[in-house]
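**Student:** heads up, no residue letters with this:
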Ligand SMILES: CCCCCCCC/C=C\C/C=C/C(=O)SCCNC(=O)CCNC(=O)[C@H](O)C(C)(C)COP(=O)(O)OP(=O)(O)OC[C@H]1O[C@@H](n2cnc3c(N)ncnc32)[C@H](O)[C@@H]1OP(=O)(O)O
């Protein structure tokens with residue numbers, strides 16, 4: 001069985017790796033919008049930092065996609081802890097301003113960047129642990145579900161879930177499949193159909209997250225899990241991840257254009273635009 005999972009799906013990245021020799025990276029990378037801290041040669045902490053809610057617009061998605069490529073190019077790096085420096089929010093998903101009164105060309109670019117992000121994350125052979133410090137909504141929830149393990153803060157006010165249906169949106173099939181692979185078909189159907197939002201204890205019961213810890217232990221516990229997993233034989237772990245995920249991944253990789261067109265058509269629909277306008281206003285009114 002081939003273990004060259006990432007390069008199978010990212011031939012251009014493979015080409016980049018082949019033509020650019022690996023260089024040692026600085027100990028940490030800091031931009032205004034995220035922070036990467038290399039804890040050892042084996043793992044790093046990747047902190048999103050785009051207040052107020054780490055919403056994902058085109059520029060931010062492109063930045064994050066470049067960083068995922070950067071991780072992938074480092075052969076010594078086994079895992080990444082994905083978390084947020086923004087108080088009380090992991091991510092509120094796509095920046096709704098990208099979807100409201102949008103230009104089709106820009107919307108298409110946003111959606112291609114969303115697809116890229118999911119393909120890179122779900123298809124990575126590295127270990128990704130989501131350290132969920134706060135709200136995990138919509139695409140934020142899809143991102144968390146695409147990691148290998150989810151640890152969430154013990155705070156009843158913290159929400160996780162996907163409420164697309166309330167706005168008249170049918171979640172894309174790759175989001176549904178990611179959720180099915182996490183909590184099973186029946187719970188996914190209920191969750192998406194009825195726009196369920198869970199607190200951490202409800203999410204744990206469902207298997208949407210794997211552990212709950214107090215906020216002061218979120219990173220130390222994540223590092224503890226990461227260190228244990230870094231000891232697992234790499235090749236076997238990677239092959240297992242590939243065999244578990246390739247079918248789901250392939251469904252989007254081989255169907256990207258249809259997914260793009262569906263998203264553009266449904267988002268540009270006047271009824272949905274109307275709903276988005278009202279939703280944005282309700283968020284601002286709070
Ligand atoms: C449109 C919904 C479609 C859902 C479809 C999902 C399924 C499909 C999967 C993939 C496609 C993905 C699409 C998306 O991800 S669309 C984004 C959907 N996200 C949400 O519905 C979350 C909305 N936000 C909230 O519920 C809350 O903001 C919160 C719980 C995350 C945080 O609450 P709180 O701390 O009280 O902060 P505020 O609500 O006051 O927000 C602060 C500030 O931020 C603005 N804002 C919030 N979320 C977004 C966002 N996603 N995009 C852009 N801006 C956002 C909010 O309006 C406030 O703005 P301000 O008043 O000007 O400060």
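**Tutor:** Okay, I see it. Treat the numbers as computed from the prediction; the structure is a model and nothing was measured. Residues are numbered from 1 along each chain as shown.

**Student:** neighbours around the residue of the stretch 1-150 of the chain found nearest the ligand, how many?
**Tutor:** In the stretch 1-150 of the chain, the residue that lies nearest the ligand is residue 93 (2.4 Å; CB to the nearest ligand atom). Glycine gets a C-beta too; all of them are placed from N, C-alpha and C. When neighbours are defined as other CB atoms under 10 Å, residue 93 has 22 of them.

**Student:** What's the per-residue pLDDT of the residue nearest to it when sequence neighbours are not counted here?
**Tutor:** Once flanking residues are discounted, residue 93 sits nearest to residue 138: 3.0 Å by CB to CB, 6 or more residues apart in numbering. Confidence at residue 138, expressed as pLDDT, is 98.

**Student:** With residue 284 instead?
**Tutor:** Residue 284 carries a pLDDT score of 88 in this model.

**Student:** how deep is it tucked in, by neighbour count?
**Tutor:** 7.

**Student:** Then residue 275?
**Tutor:** Per other CB under 10 Å, the neighbour tally for residue 275 reads 16.

**Student:** Could you measure from residue 206 over to residue 144?
**Tutor:** 13 Å (CB to CB, to the nearest Å).

**Student:** Stretch 147-161: end-to-end distance?
**Tutor:** This stretch, stretch 147-161, spans 15 Å end to end (CA to CA, to the nearest Å).

**Student:** Sorry, slip of the keys, the one I care about is stretch 142-161.
**Tutor:** Stretch 142-161: ends 9 Å apart by CA to CA.

**Student:** Now do the helices in the stretch 101-250 of the chain.
**Tutor:** Taking DSSP state H, counting those that start in this stretch as the criterion, the stretch 101-250 of the chain carries its helices at 104-122, 139-146, 173-183, 185-193, 200-206, 218-230, 234-253.

**Student:** Help me confirm that residue 38 comes into contact with residue 44.
**Tutor:** Yes. Using CB atoms under 8 Å, residue 38 is in contact with residue 44, at 4.8 Å.

**Student:** For those two, indicate the residue with more neighbours.
**Tutor:** Taking neighbours as other CB under 10 Å, residue 38 and residue 44 compare with residue 44 leading, 27 against 17.

**Student:** What residues of stretch 264-271 count as buried?
**Tutor:** Going by neighbour count (16 or more other CB atoms under 10 Å), the buried part of stretch 264-271 is 264, 267.

**Student:** hang on, the earlier thing: overlap in contacts of residue 38 and residue 44?
**Tutor:** By the contact definition CB atoms under 8 Å, 6 or more residues apart in numbering, residue 38 and residue 44 are jointly contacted by residue 77.

**Student:** which residues of the stretch 101-250 of the chain score low on pLDDT?
**Tutor:** By pLDDT under 70, the stretch 101-250 of the chain has no low-scoring segment.

**Student:** Write out the residues of it neighbouring the ligand.
**Tutor:** Within the stretch 101-250 of the chain, the positions lying close to the ligand (CB under 6 Å from any ligand atom) are 135, 137-139, 142, 159, 162, 164, 167, 169, 171-172, 175.

**Student:** which among these gets closest to residue 223?
**Tutor:** Ranked by distance to residue 223 (CB to CB), these are led by residue 135 at 22.7 Å.
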